[in-house]
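[1] A structural model of the following input is requested.
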Amino acid sequence: MSSEASMHPSQQLSKRGLRVAGLVVAVVLAAVVVIGLVTRASQASNLKTWTQEQAVPSVTVVTPQPGSKGPVLDLPGRLEAYVRAPIYAQVSGYLKDWKTDIGAPVKTGELLGEISTPEIDQQLLQARADLASAKANADLAAITAKRWQAMLGSDSVAQQDVDQRTGDYAAKMAMMNAAQANVDRLMATKAFARLVAPFDGVVTARDTDVGALINAGGGTGPELFVVSDIHKLRVYVQVPQAYGPSIRPGSDAVLVVPEYPGRDFHAQVIATSNAVNATSGTTLVQLMVDNQDSKLMPGSFAHVHFSLPVDSAALRVPASSLIFDNAGLRVATVGGDNKVMFKNVSILFDYGKTVEIGSGLGAGDRVIDSPPDGIKNGDPVKIASDDATAKPHEKA
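    Residues are numbered from 1 along each chain as shown. Here you go, the predicted model:
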């Protein structure tokens, strides 16, 4: 009898169970290995796909937009009185007294000061005496001429004698008229001893005092007083040549002065010089600002803000989209194939957060906002938006 036949039946069943269990374990191990290999291959494929996706940068794009309002041109300006009249002396002498000091409002013809003119007073006395003498001589010559004219009718005198007396009378009348003119001249000169206000305004300067020696001559002697009309003020601004055509009479502007922070004063352009200064390249613009409350002071400095008209052809993009490198000023755009295309641009006006582009961009371009470092022309990009369309940027 063989050895297997001699085995007990329970032993035979046990060996058969072990074989089945080993086979099951082998199948399970094989399945685990297969599943692991498949999973690893899938993960490697997903990692490769993810890596490739991450290699394409994601960008945000905006579309250039026309501005809703024009740029603001900020320039320095100076304020001047609407009318300013320096008062000079037309007679020499000593200042007798002054009636008004700086800051005093005055009316037309109001006395500002008076000059003591002893020399003119003496000249006037002499001129009046000369006038009285000339008048007496003229009266005597008139009587004499009448008498000789009467005697001519009786043929008791010659015509020549009558003509001489008549001529003497005419000469004496001329001398009297000359003496009268001299008196009138001195009286007119004496009237200039009274310094009066030429118009309603404010005394903005007093450069003399009682007892001061006054020398006659407008423009050569010192200014004794200055009267200014400040109910309105003129504003003078030097505007760069490029902006001259945009600022015409009737344009509005806003003034800001240091002494009133946060307060705006409205002015209007009333005239331009229509010429460019060859030295500065600017044109002079004159504005008018109301000053009924006398808040503004002539001679002071002001910032003048001009609101320029909107340029419908100019487009605006965020300042963060600009790239400045050795290739110049550029922006990165996304083409129809989602690849980067650089465009050279020029700036018309800088608004801070946005810039106005003068050339290089079209209204339909998709501009990359804050382009990533190292981006190159022709690189593929992915647009970071749900619908993959560019969103307009906020207008300035």
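[2] what is the burial count for the closest residue to Lys382 other than its chain neighbours?
    In space, and not counting its chain neighbours, Lys382 is closest to Ser58: 4.7 Å by C-beta to C-beta, 6 or more residues apart in numbering. C-beta coordinates here come from the backbone N, C-alpha and C atoms, glycine included. Other residues lying near Ser58 total 12 when counted by other C-beta atoms under 10 Å.
[3] enumerate every residue touching Ser58.
    When contacts are counted by C-beta atoms under 8 Å, 6 or more residues apart in numbering, Ser58 touches Val381, Lys382, Ile383, Ala384.
[4] same for the one helix or strand Glu80 maps to, what does it pack against?
    Using DSSP states H and E, Glu80 sits within strand 72-87. Here strand 72-87 touches strand 201-206, strand 225-240, strand 282-290, strand 301-307, going by 3 or more C-beta pairs under 8 Å, 6 or more residues apart in numbering; DSSP states H and E.
[5] out of those strands, which comes closest to Asp139?
    strand 225-240 (45.7 Å; C-beta to C-beta).
[6] so in that sheet, which strands flank the following helix or strand past that closest one, and in what orientation?
    Following strand 225-240 in sequence order, the next helix or strand is strand 252-256 (DSSP H and E). Strand 252-256 has the following sheet partners, assigned by DSSP bridges: strand 265-272 (antiparallel), strand 301-307 (antiparallel).
[7] any idea how far strand 252-256 is from the middle of the chain?
    Relative to its chain's centre, strand 252-256 lies at 8 Å (C-alpha atoms, centre = their mean, to the nearest Å).
[8] about what we covered before: do you know which of the helices and strands packed on strand 72-87 lies nearest Lys376?
    Of all the helices and strands packed on strand 72-87, strand 225-240 comes closest under C-beta to C-beta, at 38.4 Å.
[9] so what are the sheet partners of that closest one and their directions?
    Partners of strand 225-240 in the sheet, by DSSP bridges, are strand 72-87 (antiparallel), strand 201-206 (antiparallel), strand 282-290 (antiparallel).
[10] can you list the buried residues in it?
    225-231, 233-235, 237-239 (16 or more other C-beta atoms under 10 Å).
[11] now that strand: average pLDDT?
    Average pLDDT, strand 225-240: 94.
[12] what's the answer for stretch 296-312, then?
    Averaged across stretch 296-312, pLDDT comes to 86.
[13] now do the buried residues in that stretch.
    Neighbour counts over stretch 296-312 (16+ other C-beta under 10 Å) mark Leu296, Pro298, Ala302, Val304, His305, Phe306, Asp311 as buried.
[14] burial measure for Met341, as a count.
    Neighbours around Met341, by other C-beta under 10 Å: 17.
[15] cool, Asp168 as well?
    Residues within reach of Asp168, counting by other C-beta under 10 Å, total 18.
[16] cool, the one 10 residues further on as well?
    As a burial measure, Ala178 scores 13 neighbours (other C-beta under 10 Å).
[17] my guess is Pro86 contacts Asp207. True?
    No: using C-beta atoms under 8 Å, Pro86 makes no contact with Asp207, being 9.3 Å away.
[18] nearest residue to Ser280 in space, please, no chain neighbours.
    Nearest residue to Ser280 in three dimensions, chain neighbours excluded: Gln238, at 6.2 Å (C-beta to C-beta, 6+ apart).
[19] how about that neighbour, what does it touch?
    Neighbouring residues of Gln238 by C-beta under 8 Å, 6+ apart: Leu75, Asn277, Ser280, Thr282, Thr283, Leu284, Val285.
[20] identify the bridge partners of it.
    Beta-bridge partners for Gln238, by DSSP bridges, are Leu284.
[21] for Ser228, same thing?
    Beta-bridge pairing for Ser228 (DSSP bridges): Arg84, Val202.
[22] follow-up on the earlier one: most widely separated two among the buried residues of strand 225-240?
    The distance between the two most remote of these (C-beta to C-beta) is 34.1 Å, for Phe225 and Val239.
[23] low-scoring stretches of this protein, by residue?
    1-17, 41-55, 68, 154-156, 217-221, 312-313, 385-396 (pLDDT under 70).
[24] where do the helices of it begin and end?
    Assigned by DSSP state H, the helices in the chain fall at 3-6, 9-55, 118-152, 159-191.
[25] and the strands paired with strand 252-256: which comes nearest Val24?
    Closest to Val24 of the strands paired with strand 252-256 is strand 301-307 (C-beta to C-beta; 89.0 Å).
[26] now distance to Gln268 too, for the buried residues of strand 225-240, in TSV please.
    Output for the buried residues of strand 225-240, formatted as TSV (distance: C-beta to C-beta, whole Å):
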residue	distance to Gln268
Phe225	31
Val226	26
Val227	25
Ser228	21
Asp229	18
Ile230	17
His231	15
Leu233	12
Arg234	11
Val235	10
Val237	13
Gln238	18
Val239	15
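[27] rewinding a little: next step: the contacts of Ser58 restricted to strands.
    With DSSP state E as the criterion, strands contain Lys382, Ile383 from among those.
[28] now a ChimeraX select for only the buried ones of the contacts of Ser58.
    One line in ChimeraX is enough to select the buried ones among the contacts of Ser58; burial here means 16+ other C-beta under 10 Å:
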select :381,383
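[29] now, among the contacts of Ser58, which is nearest to Ser116?
    Ala384 (89.4 Å).
[30] residue contacts, the closest one?
    With C-beta under 8 Å, 6+ apart, Ala384 has these contacts: Ser58, Val59, Thr60.
[31] and the gap between the second one and Lys382?
    Yep, that's Val59 we're talking about. As for Val59, its distance to Lys382 is 7 Å (criterion: C-beta to C-beta, to the nearest Å).
[32] same check, this time on the last one
    Thr60 sits at a distance of 11 Å from Lys382 (criterion: C-beta to C-beta).
[33] burial of His266, as a residue count?
    So His266, with other C-beta under 10 Å, has 11 neighbours.
[34] please disregard the earlier target; I meant Glu114.
    16.
[35] how is the chain divided into domains?
    Domain segmentation of the chain under automatic domain parsing yields 3-55, 58-69+312-392, 83-196, 229-307.
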